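okay, sequence plus prediction incoming.
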Amino acid sequence: MENKLMVKLVVGTEAMFFLALIMAYIYFSLLPGFTSRQADHLDIRSTAIFSAFLFSSSFTFWRAETNFKKGKMTRLKGWLLLTLALGLVFLVGQGTEYARLLKENVSISSSLFGTSFFTLTGFHGLHVLVGLVVISIVTTLTFMGDYDRSSSSVFGTVGIYWHFVDIVWLFVFSIVYVLPHLHKITT
Amino acid sequence: MPDLFLLNISASSIFDAASPEAASIRQLTFEFIIAASAVLLLVVILTSYITVKYRSKHRHEDPKQITGNRALEIWMVSVPLALVILFLFRSLATMNAILPDRGNHTPDIIITGHQWFWEASYPGTTVTTANEIHLPTGKRILMLLNAADVIHDWWVPALGPKMDMIPGMNNYLWLTINQPGIYDGACSEFCGQQHAWMRIRVIAQLQPDYERWLSEQTTNTHIPQDTMAKAGAILFLESTCSSCHRLKGTAAAGITGPDLTHFGSRQTMLTGMMANDSGNVARWLSDPQAVKPGAHMPRFIFAKDSIRALTAYLEQLK
Amino acid sequence: MSDINFIPEPEEPIPSLSVSNNQGILQWISSVDHKQIGIMYLWLSVLFLVIAGIEILLVRLQLAIPNNHFLAPEVYNQLFTMHGTTMIFFVAMPAIFGFTTYLVPLMIGANDMAFPRLNAFSFWTTFFGGSLLYFSFLAGGAPDAGWFNYAPLNEYNYSSSPGIDYYCSGLLFAGIGTLTASVNFIVTILHYRVLPMSLKQLPLFVWMILINSFLVLAAFPSLNAALAMLLLDRQLHAHFFSAAGGGSAILWQHLFWLFGHPEVYIVILPIFGIFSEVFPVFSRKPIFGYGMVVGSGVAIALLAFGVWIHHMFATGLGNTVNSFFAASSLLIGIPTGVKIFNWLATMHGGAIRFSVSMLFAIAFLIEFTIGGLSGISFAIVPIDWQLTDTYYVVAHLHFVFIGGTLFGLLSGLFYWFPKMSGRLPDPRLSKWFFWLFVAGFNITFLVQHALGAMGMPRRVYTYPDLPGWGILNLISTIGAFLMAGSVGLLVFILVRAIKKGAVASPDAWDANTLEWTTSSPPGLKNFDRVIPVKSTRPFRDYKRPEDADWNRPEGARKHEGKYIPQNNPHGK
């Protein structure tokens, strides 16, 4: 119980952190010239694809958790590995996007758009990375047989964090990619 | 060591209100002081009375155990609430009187904060000056305030509210000065090493005097008369002085430092740090960092003669 | 489900305040015991109090006379910046967290925090953050843009020494420590209370900590985000706060004060908790209006997020925005002011004992009222337009931080010192300390109200010799040295008491709450058994069963009066 409460509190305070970053992003995006630059440089299609990988990793982790509760250890291991793979694809996707932008001379110091884009998505990426490290530790321990009894709260707590990272991306993706794209289509 | 140049200042406290804006704040401040004193007095009396009357006399006595009193609790909330609502309405009214909507008025003066001097320019004229800010009395003027580097803040207590000067933003302030005089103020937002010596001197003049001053300021730099000053003029243009300072009508057109076209007509120098006399100018020119550490004027190695010549020239720029 | 017994069972009592035991300092460094970590927090706070005190004495020396050349402006600016930053983040916060870590488990009948190792992590992260901040002096210059560090003065162009980078990283570390500690407090309070202790029976100190911890979780992320952005600006040339690169200087102020104003309440709410313990004990009466004290605490916490603009009334946001925040700022004065009357009513009809702890509490009522009232004047926007960023603000904030926070911490120190050390401080010297400190404090800061109204801006390294300025500043400097002298006396009193003070009884003050049922100092395992908890004053009920709170009509519900085994925490 107390472990879950702890993670919920941590996630709550992290949410406030992302709220501050998102507010700063929106604040700057209202300045003239920001939105057009944003729509010009970002490729919503490729990002939507690797976002889908991240969103589905939430589903796979949820499957892992249910199987753990039922004591089905083999399935648990399978879903955990799948979650890791999906998360990794997301990070690789984000990495290639960064590489492309840097090649186009969009960097954190190049413009206000670069500043706010790289900060917001970078902090999110960092959280995905932390989540993947934690999940890979948990996976290793599962393979070593540490969770053979179903009393551990670890999958529940890691799950809260992992779903949170997904939800944050839902907001970031909508604000950074979808809204300016819609704006571009309508104008 | 009281500096003589400070003695002719008319006022510098928030209670020396010299404008209707400052007067209405002073009125509100008095009302607040009365209310606050009453509350403080109540707390002091209650505290003293209770601590004296109910001090423990025996070692183990237990008084009646009271945990609350609903009626008293309601009073405790509603009386302060009433006071607070009263002051909210008073302050809204005062705010709107002091700082009404600017509409489409154009500013009468633009003041830009720099590390560490004030640049003042007068729209509709070619006048640009620094630090000693001349304003007309008896007329409602709109000031535009902004900053060139970091945040500064315009504050002349006798003239009313302060206003931040923020790079990339334009702020406005209304001001009506009642009487001619010299009003002292200071930068009121920490702006770096020499924040302390970013004093403001507002010189308020009757309309005709002000007009006269303004037309004097539109003239170009005076041509030096004696040989010493002539040498100074040549030095000014040949050394790098001219890349930061402007002398209107000459080749010196720098804008990073204060405009020196009529430097000699100012009473103080270095943003109110000291009286404007040849001794101080010479000291400043020989080693700026010793006089005002951190100031953006670098040290030039001048010969003694050159300093004397430059000083003579600058002091003639009336 | 017995996953709370991580702590090894004690063989012998733990060392209390002195380090002279067989394992020496190592025993402290490796400790995960909440009492030892609490004491380390308190020593950390005393250490930084002395450092930040010396910094401000140098500043006051510089200001003693007009046109003084004692300190160069760049040194002066580093000193006042470090003074403010240290006092807020490394004196007030660790002191509050020290009391919290030490007392919360004891007051709720638990044997340790929910996460003892996380507790140690929180302390050491804070310690590391403070060390990092001070390392800046060796690395080329301390931060010099004031404790709220406004943009763009905090940018590389205007402050090129690495000081502000250390400010960012030091405060980030300390901020993480603060967040983890608050998570720990909440989980401990919600899950580790001894069995029938309901939330309605929580000691008020614990209530305030619970509210406060939520406040921390909501407020600190804003600071952390701002610090991260500033580091990116300075290290990777991002453009968040530099107007030249298209960024916004005012954004820093929004983010900072969105944290900063709640922070002001973060360092006062626990103090309200301390006083809500001290007043009842030394008046021998229950707190007047328990529900109201809790309710106003919650109201303050909620309103705290809607008042940050009152730090920015002079930034030109317009009358509409300013009006809204004037209203909310005036409103937050009410729940704060009401508490003063709660405590007065608590004393009324009581039997007041003038211990040093109570003396600080009584003095607080008046000093904090002064600080609160001068605070109200900043909610009245036109007055704020005159007085913000002057010495009047300096006076106001010190009346709140010293007359409020520090008086509360000192009151708490004299109240709980016998519990923590098992010793009593010398009562005569302690009273001397009280009077010297209160006198020094008032001499220092009362005159600063006048200086502000006379036109003296804050943070100036020197000032012209205008009429009255010199003498008022000199008085202020003399007061500051009086305060410093009395703090020296305090350290002497404490060290002497630890070494050879009179032995304190376990229940030194005839108190009400569970921490006083243990030995003084408590053993490594706080409780074997806990007395029954049926009201907010379980220990008093136990000592005076004929007059127990729960037995009176307004008392709490009835329970069987038996000892409750400790290994059955609440909510399991």
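Done, it's in.

who in chain A is up against chain C?
Counting by Cβ under 8 Å from any Cβ of the partner chain, the residues of chain A close to chain C are A:1-2, A:5-6, A:9-10, A:12-14, A:16-17, A:19-21, A:24, A:27-28, A:31, A:108-109, A:111-112, A:114-116, A:118-119, A:123. C-beta: built from backbone N, CA, C; applies to glycine.

how deep is the residue lying closest to C:Arg423 once chain neighbours are set aside tucked in, by neighbour count?
Among residues not flanking C:Arg423 along the chain, C:Gly501 sits closest, at 3.4 Å (Cβ to Cβ, 6 or more residues apart in numbering or on different chains). By other Cβ atoms under 10 Å in any protein chain shown, 19 other residues sit near C:Gly501.

check A:Leu112 too.
So A:Leu112, with other Cβ under 10 Å, has 20 neighbours.

distance of it from C:Ser222?
20 Å (Cβ to Cβ, to the nearest Å).

for C:Asn157, same thing?
25 Å.

which of the two has more neighbours?
Higher neighbour count among C:Asn157 and C:Ser222: C:Ser222, with 25 against 12, using other Cβ under 10 Å.

could you point out which element follows the helix or strand hosting that one?
Following DSSP states H and E, one finds C:Ser222 within helix C:204-236. Once the chain leaves helix C:204-236, the next helix or strand it forms, by DSSP H and E, is helix C:249-266.

okay, angle between whichever helix or strand comes after that next one and helix C:204-236 too, please.
Using DSSP H and E, the helix or strand that follows helix C:249-266 in sequence is helix C:269-283. Here the directions of helix C:269-283 and helix C:204-236 differ by 160 degrees (axes from the mean of the first three to the mean of the last three Cα atoms, to 10 degrees).

tell me the SS of B:Thr256?
Using DSSP: H, G, I helix; E, B strand; the rest coil, the secondary structure recorded for B:Thr256 is coil.

wait, C:Lys549 touches C:Lys534, no?
One correction, residue C:549 is Asp, not Lys. Yes. With contact defined as Cβ atoms under 8 Å, C:Asp549 reaches C:Lys534; the gap is 7.5 Å.

ok, the two, which is more surrounded?
C:Lys534 (24 against 21).

would you confirm that that one contacts C:Leu195?
No. Contact criterion Cβ under 8 Å: C:Lys534 and C:Leu195 do not qualify, at 11.4 Å.

got a pLDDT number for the one residue in the stretch 1-150 of chain B that gets nearest to chain A?
In the stretch 1-150 of chain B, no residue comes nearer to chain A than B:Asn146, which is 17.8 Å away by Cβ to the nearest Cβ. Note on B:Asn146: pLDDT of 94.

which elements pack onto the helix or strand harbouring B:Leu72?
Using DSSP H and E, B:Leu72 sits in helix B:70-98. Counting contacts by 3 or more Cβ pairs under 8 Å, 6 or more residues apart in numbering or on different chains; DSSP states H and E, helix B:70-98 packs against helix B:20-53, helix C:319-347, helix C:356-379, helix C:381-387.

buried residues in the lowest-mean-pLDDT helix or strand in chain A?
Of all helical and strand segments in chain A, the minimum by mean pLDDT, DSSP states H and E falls on helix A:34-41, at a mean of 76. Across helix A:34-41, burial judged by 16 or more other Cβ atoms under 10 Å in any protein chain shown covers A:34-35, A:37-39, A:41.

which of the residues you listed sits closest to chain B?
A:Phe34 (15.1 Å).

my read: the closest one touches A:Phe113, true?
Yes. A:Phe34 is in contact with A:Phe113 according to Cβ under 8 Å; the separation is 5.8 Å.

which neighbours do those two have in common?
A:Phe28 (Cβ atoms under 8 Å, 6 or more residues apart in numbering or on different chains).

what segments of the chain are helices?
All of this refers to chain A. Counting by DSSP state H, one finds helices in chain A at the ranges A:2-29, A:34-41, A:44-70, A:73-103, A:112-143, A:154-173, A:179-186.

not quite, go with chain B.
Ranges of helices in chain B, per DSSP H, are B:20-53, B:70-98, B:207-218, B:227-238, B:241-244, B:278-286, B:288-291, B:304-316.

which of these is buried the deepest?
helix B:304-316 (a mean of 20; mean count of other Cβ atoms under 10 Å in any protein chain shown).

what's in contact with that one?
B:222, B:224-226, B:228-233, B:235-236, B:241, B:260, B:263-264, B:276-278, B:281-282, B:285-286, B:302.

any low-confidence regions in chain A?
A:150 (pLDDT under 70).

which residue does the stretch 1-150 of chain C have closest to chain A?
Closest contact between the stretch 1-150 of chain C and chain A, by Cβ to the nearest Cβ, is at C:Ala114 (5.1 Å).

quick check: the gap between that residue and A:Val92.
Taken as Cβ to Cβ, the span from C:Ala114 to A:Val92 is 38 Å.

what's the local residue count around B:Asp16?
B:Asp16: 18 surrounding residues under other Cβ under 10 Å.

my read: it touches B:Leu159, true?
No. Using Cβ under 8 Å, B:Asp16 makes no contact with B:Leu159, being 9.6 Å away.

tell me who's in contact with C:Phe527.
Taking Cβ under 8 Å, 6+ apart, one finds C:109, C:111, C:194, C:514, C:517-518, C:566 in contact with C:Phe527.

can you pull the buried residues of the helix holding C:Ser222?
C:204-234.

give the contact list for the closest residue to C:Tyr461 other than its chain neighbours.
Distance criterion Cβ to Cβ, 6+ apart; nearest residue to C:Tyr461, sequence neighbours excluded, is C:Tyr76 at 3.9 Å. Contacts for C:Tyr76 (Cβ under 8 Å, 6+ apart) come out as C:59, C:62, C:461.

dump the residue contacts of C:Ala502.
C:423-424.

phi and psi next, for it.
phi -60, psi 140 (degrees, to the nearest 10).

swap in C:Ser535?
phi -150, psi -170.

you'd agree C:Val183 is up against A:Val10?
Yes. The pair C:Val183 and A:Val10 passes the contact test of Cβ under 8 Å, sitting 6.0 Å apart.

neighbour count winner among the two?
The neighbour comparison of C:Val183 against A:Val10 (other Cβ under 10 Å) goes to C:Val183, with 25 against 18.

how far away is the nearest residue to the more buried one once chain neighbours are set aside from C:Gln78?
Nearest-residue entry for C:Val183: A:Leu9, 4.5 Å, with adjacent residues in sequence omitted and distances by Cβ to Cβ, 6+ apart. In this view, A:Leu9 and C:Gln78 are 37 Å apart by Cβ to Cβ.

before we move on, what about C:Leu63?
15 Å.

now swap in B:Pro298 and tell me
For B:Pro298, the distance to C:Gln78 - Cβ to Cβ - is 23 Å.

contact residues of chain C facing chain A?
Residues of chain C lying near chain A (Cβ under 8 Å from any Cβ): C:114-115, C:179, C:182-184, C:186-187, C:190-192, C:217-218, C:220-222, C:224-226, C:228-229, C:232, C:236-240, C:245-248, C:251, C:255, C:258, C:571-572.

what is the neighbour count of A:Met1?
Neighbours of A:Met1 (other Cβ under 10 Å): 12.

looks like it contacts C:Val187 (just checking).
No. Counting by Cβ under 8 Å, A:Met1 does not reach C:Val187; the two are 9.1 Å apart.

number of nearby residues for C:Gly422?
22.

surely it meets C:Pro522?
No. Using Cβ under 8 Å as the test, C:Gly422 is too far from C:Pro522 to be in contact (9.4 Å).

any idea which residue of the stretch 451-572 of chain C lies closest to chain B?
Counting by Cβ to the nearest Cβ, the stretch 451-572 of chain C gets nearest to chain B through C:Val460 (3.6 Å).

excluding chain neighbours, what is closest to residue 101?
Answering for chain A, as no chain was given. A:His41 (6.3 Å).

wrong one, chain C
Going by Cβ to Cβ, 6+ apart, C:Thr101 has C:Gly38 as its nearest residue, at 3.9 Å.

can you pull the contacts of C:Gly297?
C:207-208, C:211, C:269, C:272, C:335.
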